[in-house]
Structure formats: C-alpha cells, structure tokens
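>>> just the structure for this:
(chains A and B)
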Amino acid sequence: MDSNLQPVPAGPAVVTPSPPGPPPVDRGAAGSPAGTPVVQLDGVTVIYGKNQALKNVSARFERGAVGLLGPNGAGKSTMLKALLGFVKPNVGRMHVLGLDVAHRPMEIRARLGYMPETDGHIPGMNAVSFVAYCGQLAGLPAVDAMQRAHEVLYYVGLGEARYRNLETYSTGMKQRIKLAQAIVHDPDLLFLDEPTNGMDPKGRDEMLELIRDLGHNKGVSLILSSHLLPDVEYTCDHVVVMDKGQVAAQGPIAELKGPAGRVFELRVKVATGSLPGFIDVLQKAGMECHSTDEDVMRVFVPTGVGGSERTDQQILFSLAAKEGVQVRHLRPSVPTLEDVFAKAVGEE
Amino acid sequence: MPIHDQSYRHFEGAKAPPGRAWLVIAKAGVMHMIRKRLFLGLLIVSWVPFLFRAGQIYFSTNFPQMAMLAATAETFREYLEQQNPFVFFMTIYIGAGLIANDRRANALQIYLSKPLLRSEYIAGKASVLFFFLMLITWVPGIFLLLVQVMFAGNFQFLTKNLFLFPAITVAALLQVILATFTMLALSSLSKSSRYVSILYAGIIFFTTAIYGVLYAITGSSSMSWLSPTESLAQVVDVIFRLTPRYMTPWQVSLIVIVGLIAVSISILERRVRGVEVVT
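Numbers count the residues shown, from 1 in each chain, chains lettered A, B, ... in the order given. Okay, the predicted model is just below:
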C-alpha cells in the first residue's frame, strides 16, 4: 500500500452506510481556529449586466455538510462560481477555508473539489485517464494520481466502467464521474452543484449516500447546492436558503425546523363557510398555515396552543366546525425542511 | 480484513506547488496526438522534404560533378518555406480542437476549478501545437545544418554562415508562434473544431487571394501586408539576409505579425473563462 494514502477506518463500500468506528478527522478549514466557518461571505453582490444575481449576500457555511437551497435562479450556482473565482463580485468579500478568495484563489482551489451542474469532461479520455488527469492538474504526482483515480472510481461505483470512453457514459454515470474528479485530490471542501440532476431513483439514492458518507464519515466539508429539499435534508446538517439572490434563512436544519410544535396535514371541504376565513381563524389562533393544494393544507401548531396531540387535533376540529369547514382527512406530521423553505421564501 | 480497501482514503503525500499544471496539459495533449495513426503519418510525411534536402547535401558535398546543388543560406530559407503546407495542415489538425473541444465538452469549468491560472491553461494548450510545429520546422532545419557539417566533414560552411543558427531559430519561432496563437484564438471562439478549421483555412486563403487580386490590378506588391502568409515570408527573407520579395517595408510586415499575435492573445484572455456570462 502506498504510504501516502492513509485509510479512513470507517470506510464503507459504495452505498453501504458506514459502520461505527473512530470519529472522522475534521479537515475543513484546517489550520484555522475551531469554530471558523469553511466559507464566509460578507456583503457580496454579483451583477450580470442589468441582472443582480447576488444582492448583498452575507452567509456562513459551517464545517460538515451544508445545504445551499433555493429555487432555480435563486443565485446558488452564482455563489459557488464566485467562491471558485469564476465570477468576480462587484462588492463584498469572500473567505474559503480561512483564505481570501480575491487574493489566494490558487491555494483555495488546491484544497477544493468542484462538481459542476452541467456535464463536463475532457474529450477523448476514458474514466480512469480523466480522473487521473484531474488529479495531476490538482498537483498529485502521476503515479499517485493514477492510483487514486482507480480508488475513487471504485468508491463512486464506476469501478467496472473505468476504461470506457466518457462520451459513452449515461447521465447517471456522468454525475458519478464528476464526483470522482472532484474528490480525486482529496479536497478539504467540496462544492456539489445539483449532484442528483438527471439520475434515476436508485442512482439518486446511491449518490446521496456517497455525499452523506463524505460529509459525515470522511471528514470532508461540503456545500450541496440543490433545489431538492429531500436531498439537502438527507445529507446536510446545516442549510442556507437562497431566494431571489438573497439569503432567506440559514442555520442548523434542526434549529430552523423549530420552534417545537406539531404539523398536521389537512384535507378540507368548505360546507357553509370559506377557506380564507378558516385560514384566517387558524392564524389568529397562533398557528401557521401553508396550502399545498386547493383543499390540502399543512398546519403548524406551536407548543402551548393545545398541549397534547389529541388536544391540538380537537382545537383544529372545533375551529373548522366553527367556520363551517369539514375536515375530511387529518394526519399528524413532523416539521420538515419544506416548511422551513416555504417559510423562508414566503410561500403561501 | 479486505485484501484491498476500496473505500475513500485521504492523501497525505506531497502535492506539486501551483504553476506546473501547464506541463500536465501539454504532456497529455502531446500523448493524445501521438496515439493517432493519421497524425503520425502526417508527421512522417512532413519530414520527407528533409530527406530530399539531406540527399541534396550529401551528393553536392561528395560528388564534385553535382556541386551546383551545394547548399547556401537560401537553401535553408527555401526548406523552411517548403514546410509551409505541413505547418498549415498540422496547425489545423492539432490546433482546431485544442480549446473548441474543451468548450464543447464544458471542460473549461473542470480545468479552472483546479489550481491553475487561465494563462497556464492557454500555455499548456499552446505548448502542444508549439511542440509539433517546432518538430517540423526548427528541428529539421537545425538537423539539416548539422547534416551539412557531417557530410562535408568540415565546419567551413557553418563558420561562413554562422547566422543560420539564429536565423532558422527566429524564423521558425515567428512562424510557429503566429500559427499557434491565431489558431488557439480561433479555437476559443467556437465549440466546433470543423468550423474552426474552415475559419482558419478561410482566413489564410482569403487574405492571400485579396492580396493576389490587388497585385493583379495594381501590379504592385506593396499590399502584401494584407496577407499574414506573405507578411511572414517578407520578414523571414530579411532574417535570412535575402532581398525582401515584396515592396512592403519589412517593418510593416513585422507589425502585422506582432499585431495578429497580440489580437489573438486578447481574444484568448476574453474567451477562456470558467463561466460564460451572457447578458
């Protein structure tokens, strides 16, 4: 075994969850004091022509796995490209791994892995040559780059297809090869831009498992940019929610899901009253209400309104009866990232 | 315990400091071309004139009755001019896809997310074309000079024409740098290597044709600066201490060449970016 390659004890196969083992070494912002964010943006504004892609964005990305969440066009990819130095911000400062993006981009990129949203490969190469080539570009010696290329290709599940030309790869395989080239040089921080795009359900699950493993067992800090809430919720501990070029919310997912309370899914039918009237009554009672369909809504009942789940349900039924609305279906749920997202971007 | 751990492992070895990635790009580009049979064929064919010239030198130095074939400074200039078609085909074959193919495959974002500058990427790509063009111009030119010394068995010709070393070097460099940067600039403008090939050939033929038409109309060669090929020929004549073939001042021809290289570098600076912003 090459002495340069240190095995990580908690190592699973491709999609097998890691068995319990010694805690992973945290390598994000290595050399910087504990508690320092891996990425920090201070008042960053990026303007494309007349379009303001990022508007005075200030955000902190903690070590570990952080989701960058937002609808299409929210500015997620622009933020990653600005952090990579592809786009120069008009105003503001950015630090990655404690280094100033404007002054030390090479040092940052040497410690960074980037998985772009769009397909990208070097034409005319097979997978192992491509990944080894990327390793060499990142500074690995040729022999080590080739060895790591084989290893990471096995890790991402392309071991059997590693000698195939990249142009013959399916969409799912292209996503995996993009991840392989991003991790071949063992980065401290990974930028993953929509990594599950175009993947079938099985491939998507495997990709999420890999991301989760990297972030939680391998000590690699990562920023996962996605518009898919379940992806972020499954793989990340923190989230930064973007909307229209601004940060709408940020923090630990568990914290953002609070305050403590219960969520109920309701399907209602208006008998004598009106739906807006019912929503109004619920809000006056201190509850939060998001319509997901014409007759389906999610109602958040904060702790203190009712007391127990049964009491909460009774309150809902009584308010509905009072407003002339029939509750045809009621199912207790738990607050999800979807609720955080909807609240952050101000969806009704 | 597994025989070989196939999981993700951390790399604790030493990494090369930034600044050497262009060598990786250049090496990969050269190896990629060498693996192509068609290219190797073209490379071998481009050395055929060298063999003829070597034969000419051999006979003229060993058989007195063939002394009229003896090499002069002009022989070396003629040899470089004979290589022009090969330089043209090589430039198209190697250069058209150098950046265009990367743009088509969205590879620029992969390259520039690694610790390398845009200038390093351009230097790496340029090195591939530069290497092969020097291999069919400068290398055989210098070899020819050495062959002359070898076959003659003395340094008489060389000492009399010592300027040929720098002349071959400067002329080859000028030709190769011009071809390399104009082709790279064109390659950065498109995602199709075919389109780039047509564009390059079109520019070379069109400018030469325009000059030809103007020459036919005016009977004067003072407009030779319109064609990069003729401008290069004019400057190379001066480098080899020959009478310039056109009426255009050689300084003007040199300005055209330097200007074309500068414009090409400016295009590359604008086009080689990690992200394409359309506003």
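
>>> and the stretch 51-200 of chain A, which residues reach chain B?
A:51, A:81, A:84-87, A:106-107, A:109-110, A:112-114, A:116, A:118-124, A:133-134, A:136-141, A:144, A:148, A:151-152, A:154-155, A:159, A:181, A:183, A:185-186 (CB under 8 Å from any CB of the partner chain). Any C-beta I mention is one placed from the backbone N, CA and C, and that applies to glycine too.

>>> repeat the analysis, applying 7 Å as the threshold.
For the stretch 51-200 of chain A, the contact set with chain B under CB under 7 Å from any CB of the partner chain comprises A:81, A:84, A:86-87, A:106, A:109-110, A:114, A:116, A:118-124, A:133-134, A:136-140, A:144, A:148, A:151-152, A:154-155, A:181, A:183, A:185-186.

>>> so which of those residues are in strands?
When these are checked against strands (DSSP state E), the matches are A:Tyr114.

>>> helix, strand or coil for A:Phe317?
helix (DSSP: H, G, I helix; E, B strand; the rest coil).

>>> please name the nearest non-neighbouring residue to it.
A:Val327 (6.0 Å; CB to CB, 6 or more residues apart in numbering or on different chains).

>>> one step back: which of the residues of the stretch 51-200 of chain A next to chain B are buried?
A:81, A:84, A:86-87, A:106, A:109-110, A:114, A:116, A:119-124, A:133-134, A:136-140, A:144, A:148, A:151-152, A:154-155, A:181, A:183, A:185-186 (16 or more other CB atoms under 10 Å in any protein chain shown).

>>> out of those, which sit inside helices?
In this view, these that belong to helices under DSSP state H are A:81, A:84, A:106, A:109-110, A:133-134, A:136-137, A:144, A:148, A:151-152, A:154-155, A:181, A:183.

>>> quick one: the residue nearest to A:Phe317 from A:Phe300, how far?
Going from A:Val327 to A:Phe300 by CB to CB, to the nearest Å gives 16 Å.

>>> what strand or helix carries B:Val87?
Using DSSP states H and E, B:Val87 sits within helix B:84-90.

>>> ramachandran coordinates for the residue sitting nearest the centre point of chain A?
Centroid-nearest residue in chain A: A:Gly67, 2.8 Å away (criterion: CA atoms, centre = their mean). Dihedral pair for A:Gly67: phi -90, psi 140, per degrees, to the nearest 10.

>>> give the contact list for it.
A:Leu224, A:Ser226, A:Val232, A:Cys236, A:Val239 (CB atoms under 7 Å, 6 or more residues apart in numbering or on different chains).

>>> now for A:Val299, how many residues are close by?
By the criterion of other CB atoms under 10 Å in any protein chain shown, A:Val299 has 23 neighbours.

>>> so what does whichever strand or helix holds it touch, helix or strand wise?
Assessed by DSSP H and E, A:Val299 sits inside strand A:296-302. Using 3 or more CB pairs under 7 Å, 6 or more residues apart in numbering or on different chains; DSSP states H and E, the elements in contact with strand A:296-302 are strand A:261-270, strand A:288-291.

>>> CA atoms only: put the longest one into PDB for me.
As requested, C-alpha coordinates have been extracted for strand A:261-270 and formatted as PDB (Å, rounded to 0.1, in the frame of the first residue of the first chain):
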ATOM      1  CA  GLY A 261     -44.700  22.100  17.800                       C
ATOM      2  CA  ARG A 262     -46.700  19.800  15.700                       C
ATOM      3  CA  VAL A 263     -47.600  19.800  12.000                       C
ATOM      4  CA  PHE A 264     -50.900  18.400  10.700                       C
ATOM      5  CA  GLU A 265     -51.800  17.700   7.100                       C
ATOM      6  CA  LEU A 266     -55.500  18.500   6.500                       C
ATOM      7  CA  ARG A 267     -57.800  17.900   3.600                       C
ATOM      8  CA  VAL A 268     -60.900  20.100   4.000                       C
ATOM      9  CA  LYS A 269     -64.200  20.700   2.200                       C
ATOM     10  CA  VAL A 270     -65.900  24.000   2.500                       C
END
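
>>> for the helix or strand just after it, name the packing helices and strands.
The C-terminal neighbour of strand A:261-270 among helices and strands, as given by DSSP H and E, is helix A:275-284. Applying 3+ CB pairs under 7 Å, 6+ apart, one finds that helix A:275-284 contacts strand A:288-291, helix A:309-322.

>>> tell me which of these sits nearest to B:Thr72.
Proximity to B:Thr72, assessed across those by CB to CB, is greatest for strand A:288-291 (90.1 Å).

>>> buried set for the closest one?
A:Glu288, A:Cys289, A:His290.

>>> hey, what's the second one bridged with?
According to DSSP bridges, A:Val299 are recorded as the beta-bridge partners of A:Cys289.

>>> skipping adjacent residues, who's closest to B:Pro49 in space?
Nearest in space to B:Pro49, with sequence neighbours left out and distances taken as CB to CB, 6+ apart, is B:Gln82 at 4.9 Å.

>>> go through stretch A:321-338 and flag the buried ones.
A:Glu323, A:Val325, A:Val327, A:Pro335, A:Thr336, A:Leu337, A:Glu338.

>>> re earlier: for the helix or strand hosting the residue nearest to A:Phe317, give the mean pLDDT please.
Element membership of A:Val327, judged by DSSP H and E, is strand A:325-333. The pLDDT scores in strand A:325-333 average 86.

>>> need the contact list for the closest residue to A:Cys134 other than its chain neighbours.
Among residues not flanking A:Cys134 along the chain, A:Gln181 sits closest, at 4.1 Å (CB to CB, 6+ apart). Listed by CB under 7 Å, 6+ apart, the contact set of A:Gln181 reads A:Phe130, A:Val131, A:Cys134, B:Ile110.
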